[in-house]
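Novice: coords please:
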Amino acid sequence: MSTFERAYQLARTGCFPDVAALKLRLEADGCRAIDTLLAARSIRGHLTAICAATYTAAERANARRQA
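Specialist: Numbering: from 1, shown residues only. The predicted structure is shown next:
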């Protein structure tokens, strides 16, 4: 799986609040040249939007489960 594919896969999990957290996980997974590959504004913007939407949804779901 490419770094791009892994980044999008991770972003959709709802576990990452932003691209910075996503990059840390990619590094931990052994991906290389992350900053270069995710440098394009369009890619960062898309990943940011996915992280924001899925992280917020995951947080709401967790809050409902705890209530």
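Novice: buried set for stretch 50-57?
Specialist: For stretch 50-57, the neighbour count (16 or more other Cβ atoms under 10 Å) marks 50-51, 54-55 as buried. Every residue, glycine included, has its C-beta placed from N, CA and C.
Novice: ok, now how distant is the residue nearest to residue 27 when sequence neighbours are not counted from residue 61?
Specialist: In this structure, residue 27 finds its nearest non-sequential neighbour in residue 34, 6.3 Å apart by Cβ to Cβ, 6 or more residues apart in numbering. For residue 34, the distance to residue 61 equals 28 Å [Cβ to Cβ, to the nearest Å].
Novice: element containing residue 22, please.
Specialist: Assigned by DSSP states H and E, residue 22 falls within helix 19-28.
Novice: Chain neighbours aside, what residue packs nearest to the spatially most central residue of the chain?
Specialist: Nearest to the mean C-alpha position of the chain, by Cα atoms, centre = their mean, lies residue 11 at 2.9 Å. The shortest distance from residue 11 to any residue that is not its chain neighbour, by Cβ to Cβ, 6+ apart, is 4.1 Å, and that residue is residue 50.
Novice: same question, residue 54
Specialist: The spatially closest residue to residue 54, leaving aside those adjacent along the chain, is residue 14, at 4.0 Å (Cβ to Cβ, 6+ apart).
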